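Participant: Model the structure of this input:
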Amino acid sequence: MANITAQMVKELRETTGAGMMDCKKALQEADANIEKAIDILREKGLSKAAKKADRVAAEGLVTIEINADNSVASIVEVNSETDFVAKNEDFKKLVKDAAEMALVTSNTEIEAFLNETHAEGITLKEVLNNRIATIGEKLDIRRFAKVTTDGQVAGYIHGAGKIGVIVELATDSKDAKVLTLGKDVAMQVAAMNPKYVSREEVDADYIAHETEILTQQALNEGKPANIVEKMVKGRLEKELKEVCLLEQTFVKNPDLTVKQLVADVAKQVGSDINVVKVVRFEVGEGIEKKEENFAEEVAKQLKN
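Facilitator: Below is the predicted model:
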């Protein structure tokens with residue numbers, strides 16, 4: 001019997017996306033012939049991962065996990081090709097498992113994270129490939145983030161997992177009102193998608209770029225040069241109120257800004273509260289979706 005090396009198994013797995021044991025068995029059956037082993041896996045329907053590699057996974061779910069004392073939170077985005085699969089229980093479990101692993105990981109890079117051992121005793125990447133084979137769509141654990149704090153973390157999931165937000169609050173208070181505030185701020189971030197937390201975060205390049213555009217706009221409107229500067233200042237001020245979280249009008253109470261809301265809760269709990277960081281994931285953002293004619297897609301499926 002031909003010698004099956006770990007390198008051969010690795011190569012077959014990368015080519016087909018099938019599980020490690022399936023690859024090993026296929027190589028044994030094919031007498032170490034990789035091409036034949038690929039055919040065997042295809043015949044058994046175990047190389048779906050490779051066949052789906054050119055498809056676009058832009059649907060999916062975002063989920064959040066938070067530890068018991070609200071000091072650590074994780075957020076992950078896992079993509080699928082269709083929204084239908086995103087509602088599949090096996091898919092939901094994969095997303096939850098990934099978020100639970102992200103909560104305790106020390107890794108920050110996705111590749112290292114995917115090579116961590118899952119509860120099933122194999123790597124998360126292998127679990128993913130197994131789910132691709134059973135579910136029959138391209139799936140992708142696209143990104144994750146972890147936030148650890150001495151204060152409090154809160155999270156919010158919008159639209160059954162289409163948007164997820166983690167908010168980190170620096171505070172000494174453990175009052176339940178702080179967590180309620182955190183969830184309200186996370187909801188604000190989900191709805192309004194601010195570029196920055198505060199004015200202090202706004203970089204000089206952004207200000208310079210916007211000033212240049214607004215100045216040109218005002219000049220194009222035929223405004224006299226002596227009042228353009230004043231106009232630009234006013235318009236920039238208005239824009240900053242839209243792109244900075246703390247300057248925004250609070251969605252649940254338009255009489256307050258987010259900054260005023262935070263100050264009010266800080267007064268109630270008798271402790272300083274600062275919004276330190278927000279992490280916002282939206283399913284499929286930045287992924288270019290394939291626009292395909294449905295009739296053509298059906299015709300393609302019938303030909304396969």
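Participant: quick one, what contacts Ile66?
Facilitator: Neighbour list for Ile66: Val72, Ala73, Ser74, Leu103, Val153, Ala154, Gly155 [criterion: CB atoms under 8 Å, 6 or more residues apart in numbering]. (C-beta placed from N, C-alpha, C; glycine too.)
Participant: ok, 6 Å please
Facilitator: Ala73, Gly155 (CB atoms under 6 Å, 6 or more residues apart in numbering).
Participant: Mind listing the residues bridging to it?
Facilitator: Ala73 (DSSP bridges).
Participant: how near is it to Val147?
Facilitator: Plainly put, Ile66 is 9 Å away from Val147 if you go by CB to CB, to the nearest Å.
Participant: what about the strands in the stretch 151-300 of the chain?
Facilitator: 152-158, 163-170, 274-282 (DSSP state E, counting those that start in this stretch).
Participant: shared neighbours of Ile66 and Val147, anything?
Facilitator: The contact sets of Ile66 and Val147 overlap at Ala73 (CB under 6 Å, 6+ apart).
Participant: hmm, back to that, quick check: which of the strands of the stretch 151-300 of the chain is buried the most?
Facilitator: The highest mean neighbour count among the strands of the stretch 151-300 of the chain, using mean count of other CB atoms under 10 Å, belongs to strand 163-170: a mean of 24.
Participant: Strand partners (parallel or antiparallel) of it?
Facilitator: strand 152-158 (antiparallel), strand 274-282 (antiparallel).
Participant: Ala218 is nearest to which of those strands?
Facilitator: strand 274-282 (32.2 Å; CB to CB).
Participant: and that closest one, C-alpha only, in PDB?
Facilitator: C-alpha atoms of strand 274-282 as PDB (Å, rounded to 0.1, in the frame of the first residue of the first chain):
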ATOM      1  CA  ASN A 274     -16.900  57.600  28.800                       C
ATOM      2  CA  VAL A 275     -17.600  55.900  25.500                       C
ATOM      3  CA  VAL A 276     -14.200  54.500  24.600                       C
ATOM      4  CA  LYS A 277     -14.700  52.300  21.600                       C
ATOM      5  CA  VAL A 278     -17.400  51.000  19.300                       C
ATOM      6  CA  VAL A 279     -17.200  48.000  16.900                       C
ATOM      7  CA  ARG A 280     -19.900  47.700  14.200                       C
ATOM      8  CA  PHE A 281     -20.200  44.800  11.800                       C
ATOM      9  CA  GLU A 282     -22.800  44.800   9.100                       C
END
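Participant: Contacts for that strand, please.
Facilitator: Residues outside strand 274-282 that contact it (CB under 6 Å, 6+ apart) are 62, 75, 77, 145, 163-168, 170, 189, 197.
Participant: Those: which two are farthest apart?
Facilitator: Greatest spacing in the contacts of strand 274-282, by CB to CB: Glu77 and Ala170 (25.9 Å).
Participant: ok, back up a step: so which of the strands of the stretch 151-300 of the chain comes closest to Lys87?
Facilitator: With CB to CB, the closest approach to Lys87 among those belongs to strand 152-158: 14.6 Å.
Participant: who touches the closest one?
Facilitator: So strand 152-158 is contacted by 64, 66, 70, 73, 147, 164-169, 178-179, 182-183, 186-187, 190 (CB under 6 Å, 6+ apart).
Participant: same thing but 7 Å
Facilitator: 62-64, 66, 70-73, 147, 164-169, 171, 178-179, 182-183, 186-187, 190 (CB atoms under 7 Å, 6 or more residues apart in numbering).
Participant: got the strands of the stretch 151-300 of the chain as CSV, with distance to Gln217 and mean pLDDT columns?
Facilitator: CSV is the format used below for the strands of the stretch 151-300 of the chain (distance: least, CB to CB, whole Å; pLDDT from 0 to 100):
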stretch, distance to Gln217, mean pLDDT
strand 152-158, 33, 97
strand 163-170, 31, 98
strand 274-282, 29, 97
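Participant: Out of these, the one nearest Val228 is which?
Facilitator: When the strands of the stretch 151-300 of the chain are compared by CB to CB, strand 274-282 sits nearest Val228, at 34.4 Å.
Participant: what is the mean pLDDT for the helix or strand containing Ile40?
Facilitator: Using DSSP states H and E, Ile40 maps to helix 34-43. Averaging pLDDT along helix 34-43 gives 82.
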